[in-house]
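In: Here's my sequence, what's the structure:
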Amino acid sequence: MLRTVNSRLELAISGSTNMVFSIAAAQGSQLTSEKISFVLDGQPQQATELTDRHGTRLHTFVSGPGKMIVEYSADVAGNSDPAPVIDLDLVTYLRPSRYCESDSLTPTARSEFAGLSGHDLLSAVTLWVWERLRYVPGSSLATDGAEQTLLSRRGVCRDYAHLVIALLRALDVPARMVAVYAPGLFPMDFHAVAEAHVDGAWWVVDATRLAPRQAMLRISTGRDAADIAFLTNHWADLTLTGMEVLAIVDELPTDDGTQLVQLG
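Out: Residues are numbered from 1 along each chain as shown. You can find the predicted model right below:
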């Protein structure tokens with residue numbers, strides 16, 4: 001499998017700001033080529049790369065005011081190894097988090113999925129969320145969590161993932177959120193999915209069913225959207241004035257939504 005991914009961000013920055021980008025393929029990806037650049041008013045900026053325990057690669061630096069162009073491209077041949085199972089993660093990803101209020105949704109989860117476990121539970125939760133939500137771009141706020149998504153019955157990929165994660169955690173299944181490049185996605189964008197730990201491994205769950213999971217490429221991993229944002233900034237304000245994302249694969253897989261898939 002050969003995947004090619006690109007992203008381009010255009011930013012208007014009002015003053016000195018500390019910036020953290022998460023747009024690069026995660027550590028362990030089988031890269032054959034890669035390029036990342038940060039250019040402020042025509043001048044290249046030097047970033048420091050940080051890597052967390054999941055292999056998320058963060059690029060950080062302090063920028064002055066002006067117009068910034070951020071570009072990333074990579075070619076990836078083959079699949080990375082399955083995500084390792086770390087004991088601490090099995091504790092961390094059972095806890096409620098800002099956008100995944102598993103404690104509030106426990107009564108709903110127990111009522112809807114009583115008697116299910118393992119992969120049967122993953123399939124049931126995925127189908128349940130897919131049937132109950134409508135994918136409506138712009139329908140949710142950046143502050144909405146799983147509980148609000150269930151009440152409104154609509155959202156985008158992050159909202160679907162938050163609800164899946166909250167329901168699984170409520171049923172004692174460790175679950176987390178992953179940002180990915182997703183060949184076949186329409187409209188093309190950064191995509192968010194869930195990853196659940198069952199039978200000793202992490203399995204990718206995508207209740208939107210908008211792209212085949214087999215071709216997805218991991219970018220970042222965390223508790224919820226707070227941990228996987230493609231851009232975080234502090235101090236001065238900035239405006240995202242343009243964004244383009246592209247992800248293609250040499251042969252697009254078929255995904256019926258019921259298969260067991262690991263991110264690679």
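In: give me every residue that touches L122.
Out: Contact analysis of L122 by C-beta atoms under 8 Å, 6 or more residues apart in numbering lists 168, 173, 196, 198, 203, 205. The way it works is simple: take the backbone N, C-alpha and C, and place the C-beta from them, glycine included.
In: now the strands for the stretch 101-250 of the chain?
Out: 134-135, 154-155, 175-181, 191-198, 201-205, 217-222, 231-235, 238-249 (DSSP state E, counting those that start in this stretch).
In: Could you report the distance from the spatially most central residue of the chain to A194?
Out: Residue closest to the mean C-alpha point of the chain, counted by C-alpha atoms, centre = their mean, is A179 at 1.8 Å. Distance, A179 to A194, by C-beta to C-beta, to the nearest Å: 11 Å.
In: how about D189, phi and psi?
Out: phi -170, psi 170 (degrees, to the nearest 10).
In: meant to ask about G257, not that
Out: G257 adopts backbone torsions of phi 90, psi -10, taken as degrees, to the nearest 10.
In: now T258
Out: phi -100, psi -10.
In: Quickly note the distance from it to R213.
Out: With distances taken as C-beta to C-beta, T258 is found 11 Å from R213.
In: ok, now L260?
Out: 10 Å.
In: Tell me which of the two has more neighbours.
Out: Neighbour totals were compared for L260 and R213, and R213 leads with 23 against 13 (other C-beta atoms under 10 Å).
In: pLDDT value on the closest residue to the more buried one other than its chain neighbours, please?
Out: Once flanking residues are discounted, R213 sits nearest to V261: 4.3 Å by C-beta to C-beta, 6 or more residues apart in numbering. Note for V261: predicted pLDDT of 95.
In: and if you look at S220?
Out: Listed pLDDT for S220 reads 98.
In: And for it, the neighbour number?
Out: Counted with other C-beta under 10 Å, S220 comes out at 25.
In: list the contacts for W203?
Out: Going by C-beta under 8 Å, 6+ apart, W203 touches 119, 122, 195-197, 260-262.
In: can you pull the contacts of the residue lying closest to L11 once chain neighbours are set aside?
Out: Spatial nearest neighbour of L11, excluding adjacent residues (C-beta to C-beta, 6+ apart): M68 at 4.3 Å. Counting by C-beta under 8 Å, 6+ apart, M68 touches 9-11, 13, 38-41, 45.
In: Just the buried ones out of the residues you listed, please.
Out: Buried members of the contacts of M68, counted by 16 or more other C-beta atoms under 10 Å: 9, 11, 13, 38, 40, 45.
In: W130 reaches T208, doesn't it?
Out: Yes: between W130 and T208 there is a contact under C-beta atoms under 8 Å: 7.3 Å.
In: if I look at those two, which residues touch both of them?
Out: Common neighbours of W130 and T208 (criterion: C-beta under 8 Å, 6+ apart): Y160.
In: For the two, indicate the residue with more neighbours.
Out: Per other C-beta under 10 Å, whichever of W130 and T208 has more neighbours is T208, with 23 against 16.
In: Pull up the gap between the more buried one and V20, please.
Out: Distance of T208 to V20, given as C-beta to C-beta: 26 Å.
In: what do you get for G242?
Out: Shown here: G242 relative to V20, a distance of 19 Å by C-beta to C-beta.
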